[in-house]
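Q: just a sequence and a predicted model for now, questions to come.
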Amino acid sequence: MTRYSLEIRIKPRPGLLDPEGKAIHHALHSLGWGEVDEVRVGKVLYLDLDADSEAAAAEAATAMCRKLLANPVTEDFEVAVTGALEGAGS
Amino acid sequence: MTRYSLEIRIKPRPGLLDPEGKAIHHALHSLGWGEVDEVRVGKVLYLDLDADSEAAAAEAATAMCRKLLANPVTEDFEVAVTGALEGAGS
Amino acid sequence: MKAAVVTFPGSNGDYDLYKAAQQVGFETDFVWHRERGLDDYDLVLLPGGFSYGDYLRAGAIARMSPIMEDVVAFASKGGPVLGICNGFQTLCESGLLPGALVRNDVLRFQGMDVRIRVERTDLAFTSGYEEGQVLRIPIAHGEGNFEADKDTLERLEGEGRVVFRYVDRHGNPTDEANPNGSWHNIAGITNEAGNVLGMMPHPERATESILGSDDGLSLFSSLAASVPALST
Amino acid sequence: MSTAEGTVTEDSLPPRAGDPLITPEVVADHGLSPDEYERVRSVMGREPTFTELGVFSAMWSEHCGYKNSKRLLRLLPTEAPWVIQGPGENAGVIDVGDGYALAFKIESHNHPSAVEPYQGAATGVGGILRDIFTMGARPVAVLDSLRFGDLDSGRVRYLFSGVVSGVGDYGNCVGIPNIGGEVAFDRGYEGNPIVNAMCLGLMKREELITASASGVGNTLMAVGARTGRDGIHGATFASEELSEDSDESSRPQVQVGDPFTEKLLLEASLELIASGVITGIQDMGAAGITSSASEMAGRAGTGVELEMASVPVREEGMTPYEILLSESQERMLVVAEKGREGEVRRILEKWELEAAEIGRVTDDGRFRILENGVTVADIPALPLTEGCPTYEREGVESEDIKAWRAMDLSEHLIPEGDLTKSFLLLLGSPNVASKRWIYQQYDTTVRTSTAVRPGGDAGVIRIRGTKRAIAATTDCNGRFVYLEPRTGAMIAAAEAARNLVCVGALPTAITNNLNFGNPEKPYIYYQLREAVLGLASACEAFETPVTGGNVSLYNETDGRAIYPTPVIGMVGVIEDVATITRQAFQHEGDDIVLLGANTDEIGGSEYLYVTADLVAGPPPAVDLGAERALQQSVLKMIRERLLSSAHDCSEGGLACALAEAALGDGERPLGVSVSLDDDLRPVACLFGEAQGRIVVSCPPDKTADVLRIASLHEVPARKIGSVAGPDDGFDIRLRAASISAPLDAMAKAYFDSIADLMDSPSTGA
Ligand SMILES: Nc1ncnc2c1ncn2[C@@H]1O[C@H](COP(=O)(O)OP(=O)(O)O)[C@@H](O)[C@H]1O
Ligand SMILES: [Mg+2]
């Protein structure tokens, strides 16, 4: 078993309104950052996971997103394995 | 001028309680993903920005984090330049 | 005539809903989310509140509770299910209703009285209202902005499944009357069969004049009037 | 310091491996003076260990030990036949009739909110809720009393919006309606905001439980959230001034609130109390396990022994010192009857919470801490909780403030240009303007018992199943207290009582939050003592005893103190919900009657601040006897159902009070036609903040009765005009001047001004 670190990014679907992104964009402009174009805001989940392989870890995370972490109506997700610690499994 | 795409990740400081991460962790366990260790939840901002160089773009984003986007008392941030589109400046 | 108020960790409108159901004559029980079985009931109520703290997304964790399988089964047999606020969010997460409730466009929690217009009166929930009637009802939510893809939204309107809409005092669905940015000022919708209703405003908090309005009471008395017929 | 002379008799505990040595610097860092450290040594009979030093430092901080305020607080009246529990417990409790008891208390979270406004405010609400439900009462309402600098600063907007969403998100999630509060913006609070939260809880009289560790052999259990390194030394921190370099290192780790866990803890605690398996329960608030365990032992006259290795922790490698002083939120200490620990665990499991056995009640009066069986602290409990040195300091009034008070204001009594313009300016000043930008972020209707929501003079909660209701308000005008502390404190209590009678409630009892600067400075100690004396006489006059409260001192940034701000939280009882009265005019054609007299006072007024940027002059005079008569007369009018509305005059004076009554909640503003024949200069008459005034309206056929009751109580009263229609304007005519404004311009100024100001970005930097 290896302990993998994962990063799951959950992002509003293109086309959906992102009021928080809009508000940040507006605030950045008022503070003088006129060069910023669009802003979109998502969530990122950091988690550690024991699995047999990197592929298995990513697969488990994908299953979690499908079942719970992302709402298919409004969100897209991306899973990235960012680290591995051999033999650290519990 | 080049248009850079940036990704800014904002994450609760280590040691601070992350109630949302805790609740998600708990839910993943009840759904059978007992192999998941800690979960921490942060924010990710995607933004496009016109700047003279990659370094300048990253610097601007860092300044935005300091001034507005991240809460220095409770959050750490990371800036990554993820793309560049030459001559696209407005 | 029995009603079940399904409660999750973090529900906080359970008691209010219980009282409203009782007020119109339902024999009412709380059913804890880990319990199973809703066969004894004629009406299922999903209360407002912050199930699991609204962490991740409002209603997302609650809909994984064991009892939600029974709620789905109850609804698919035609049983009336009413979800208010967090209950509405949970119904959307569970797929019993389409779409999703995302963060209010103003990015703030909105607690105030709003006016909603009754768009349909042929449902067990609304038979006591007049079509076009304007009700004064409180809202209290941070994520009440109804979103769905274009096709779904068109279908909802086309099939007349929008039951309540935010309106101004004169009954017009203006932008100013929309407290959260919901598409087409949607405040409540029903499923195809018309036996599942989700709404963000709180009719159970408008059941006595001392609370500022009793415009919500008819929703419960409509149910009390039609539920016996449904279950026979 | 281990070589200091003195009578050290007992053998010292061996130092714990890895703990720092105790040097004079270490002692000073713990906020103890050399004399206080000597006292520690004599209580211990030996040198304390590092862990013991931490324990003393927390318990003998101002926050827990009330070093500078204890002697003054003894001056406050605390008794009345309806008081069930006075000061000393987690909350005060009064009898409100029909078998019900009301627990209520106010708490400050000023320092944490200055560092992290959202979490500071949120955890402030969490703490006060726990104080209420540990008494066995179900929380039924929250109020919040806030102070900030002026809203033109991005930093202030950041603090303000963070605090409001923190207060809101926490209470909303737990499901406790907010029924009122107050907010003031003044440069006197720049850099040091005030965040006080008050909670009310209801119970049947017999459900009351107290926080004591009784029953030798009973088991102590830690319940709820795990312990992390949050807020270590929060109590000591709350007892220090902030300075520019208070950032980062010197600050304790921010406490993060989890209202979801709080909601579960609330339900679990009430179930535990009802089940009878526990004999005591206490929140682990400031100074965490240390204060909860030692205070419970102190109250019961017992001892406690706790094993640190059994405390569920969130992080690895925590030392006993850290575990003892952690201020992690949403935790409780429970005393379970021996043998019934399993029942406690079962109840907590239902609510998906943890419960761990961490110690037991002993009979030796010691506060003893073990780490894997090895003693790391062993302190006599009573001297620890009760032996904190207390100080009576010398108070001297500041010459500067004296000079401000003596300032000649006569030139300001002559209006600058158009009075209508000043009027609209004042209506839009954030201190007068509608606070709905705030309370629309709060759930005010959950629990379906809110009869009067925020926006009126006082909030009202009905007691289900009875005809009764409870009203509550928080009040304090810090400018008045600053200019003359004794008068200012009396005004705060008088205004609170007026707000209660305006909704039809009999003022019954008080909780208070004394927010002051550094009491070691003579001029601050003067303010504190004077304010307490003023409050004491108001309590006597109104028969409203103090049942509890909170003291927050050292509210200073870089040596500048806030205005002294003794916030009064007052509760009252309404016997029949059918008599509840509101501030908005109800019917066109009603008569408007002014109770109380106008004066030429303008000192400390909002008018001066807005038009001349001044906080000066003497505060308005207050006559406690006249206030009491006014309260009684209005209550009588309300009970006889004579009034359509009642509203007291406060910030912005009579003109603004009339405007608020005219505008109501904005749904259906009504016009006003008033004429005043006072022989006063217009500015004072319209905008002066003379005390003891209430504007009421009534059907014309009731006016004679209203005037008769007023005269019976020797309250000056006269008809000043009438309520006009929604299409009429707002007109006040004086002998030689007038205000005439359209209702929509007033509504715009009044309702939109805070929202408009908050549209500019807020910056944390
Ligand atoms: N921070 C707050 N939270 C909730 N309600 C508030 C707050 N600040 C003001 N309010 C409400 O706004 C109304 C007006 O407040 P204020 O001008 O302080 O009233 P008063 O002068 O009668 O004490 C009151 O109903 C009060 O409860
Ligand atoms: Mg008032």
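A: Nice, I can see it. Numbers count the residues shown, from 1 in each chain, chains lettered A, B, ... in the order given. Ligands and ions are numbered 1, 2, ... in the order given.

Q: return, as residue ranges, the portions of chain C with sub-threshold pLDDT.
A: Residues of chain C meeting the criterion pLDDT under 70: C:230-232.

Q: nearest to ligand 2: which residue in it?
A: Nearest residue of chain C to ligand 2: residue C:212, at 19.8 Å (CB to the ion). The way it works is simple: take the backbone N, C-alpha and C, and place the C-beta from them, glycine included.

Q: give me the neighbour count for that residue.
A: 20 (other CB atoms under 10 Å in any protein chain shown).

Q: and it, how close does it get to residue D:444?
A: Distance, residue C:212 to residue D:444, using CB to CB, to the nearest Å: 10 Å.

Q: for the residue of chain C closest to ligand 2, which non-adjacent residue is closest in space?
A: Sequence neighbours aside, residue C:113 is the residue nearest to residue C:212 in space, at 6.6 Å (criterion: CB to CB, 6 or more residues apart in numbering or on different chains).

Q: what about the one you found, how many neighbours?
A: For residue C:113, using other CB under 10 Å, the count is 21.

Q: am I right that it falls within a helix?
A: No - counting by DSSP: H, G, I helix; E, B strand; the rest coil, residue C:113 is located in no helix; its state is strand.

Q: can you name the residues that contact it?
A: C:136, C:137, C:138, C:139, C:212, C:213 (CB atoms under 8 Å, 6 or more residues apart in numbering or on different chains).

Q: from what I see, residue D:495 and residue D:475 are in contact.
A: Yes - the pair residue D:495 / residue D:475 is scored as a contact, 4.5 Å apart, by CB atoms under 8 Å.

Q: overlap of the contact sets of these two?
A: residue D:568.

Q: what number of residues are in the vicinity of the residue nearest to residue D:498 when sequence neighbours are not counted?
A: Leaving aside its chain neighbours, residue D:498 sits nearest to residue D:648 (4.1 Å; criterion: CB to CB, 6+ apart). The tally of other residues near residue D:648 (other CB under 10 Å) stands at 29.

Q: now do the same contact list for residue 31.
A: Since no chain was named, I'll use chain A. B:64, B:67, B:68, D:761, D:763.

Q: that answer is for a different chain, and I need it for chain C
A: Contacts of residue C:31 (CB under 8 Å, 6+ apart): C:4, C:5, C:6, C:7, C:38, C:67.

Q: so it bridges to which residues?
A: For residue C:31, the beta-bridge assignment (DSSP bridges) gives partners residue C:6.

Q: check residue D:765 and give its pLDDT.
A: The predicted structure scores residue D:765 at 52 on the pLDDT scale.

Q: which SS class is residue 26?
A: By default, I'm working from chain A. On the basis of three-state DSSP, residue A:26 is classed as helix.

Q: hang on, I meant residue A:81
A: State at residue A:81, reduced to three classes by three-state DSSP: strand.

Q: quick one, what contacts residue D:753?
A: Applying CB under 8 Å, 6+ apart, the residues contacting residue D:753 are D:428, D:429, D:430, D:433.

Q: can you give me the distance of the residue in chain C that chain B sits nearest to to ligand 1?
A: Among the residues of chain C, residue C:55 lies closest to chain B, at 3.9 Å counting by CB to the nearest CB. Residue C:55 sits 26 Å away from ligand 1, going by CB to the nearest ligand atom, to the nearest Å.

Q: what's the distance between that residue and residue D:474?
A: 31 Å.

Q: do the same with residue D:95
A: Residue D:95 is 22 Å from residue D:474, by CB to CB.

Q: which of these two has more residues huddled nearby?
A: residue D:474 (27 against 18).

Q: next one: phi and psi at residue D:375?
A: phi -70, psi 130 (degrees, to the nearest 10).

Q: what residues are up against it?
A: Residue D:375 makes contacts with D:13, D:368, D:369, as judged by CB under 8 Å, 6+ apart.

Q: circling back: farthest-apart pair in the contacts of residue C:31, please.
A: Greatest spatial distance among those (CB to CB): C:7 and C:38, at 13.1 Å.

Q: who's more crowded, these two?
A: residue C:7 (27 against 23).

Q: just give the closest residue to the more buried one, not the sequence neighbours.
A: residue C:14 (4.5 Å).

Q: kindly report the same for residue D:132.
A: Nearest in space to residue D:132, with sequence neighbours left out and distances taken as CB to CB, 6+ apart, is residue D:201 at 3.7 Å.

Q: so what's the residue count around that neighbour?
A: 27.

Q: now do the helices in chain C.
A: C:14-23, C:66-76, C:86-94, C:150-158, C:217-231 (DSSP state H).

Q: just how off-centre is stretch D:173-190 within its chain?
A: Remark: stretch D:173-190 is offset 9 Å from the chain centroid, using CA atoms, centre = their mean, to the nearest Å.

Q: same thing with stretch A:58-72?
A: Stretch A:58-72 sits 11 Å away from the centroid of its parent chain (CA atoms, centre = their mean).

Q: which members of the contacts of residue C:113 occur in strands, if any?
A: Among those, the ones falling in strands (DSSP state E) are C:136, C:137, C:138, C:139.

Q: quick check: residue D:599 is in a strand.
A: No - read with three-state DSSP, residue D:599 is coil and lies in no strand.

Q: and the residue lying closest to it once chain neighbours are set aside, what does it touch?
A: The shortest distance from residue D:599 to any non-neighbouring residue, by CB to CB, 6+ apart, is to residue D:690 (4.1 Å). Residues in contact with residue D:690 (CB under 8 Å, 6+ apart) are D:596, D:597, D:598, D:599, D:601, D:620, D:649, D:653.

Q: isn't the last one right up against residue D:610?
A: No - between residue D:653 and residue D:610 there is no contact, the gap being 11.7 Å when judged by CB under 8 Å.

Q: out of those two, which sits in the busier spot?
A: The residue with more neighbours, out of residue D:653 and residue D:610, is residue D:653; 28 against 19, by other CB under 10 Å.

Q: the nearest residue to the more buried one once chain neighbours are set aside: what's it in contact with?
A: Spatial nearest neighbour of residue D:653, chain neighbours left out: residue D:687 (4.2 Å); criterion: CB to CB, 6+ apart. Residues near residue D:687 by CB under 8 Å, 6+ apart: D:422, D:423, D:426, D:602, D:605, D:606, D:607, D:652, D:653, D:654, D:655, D:656.
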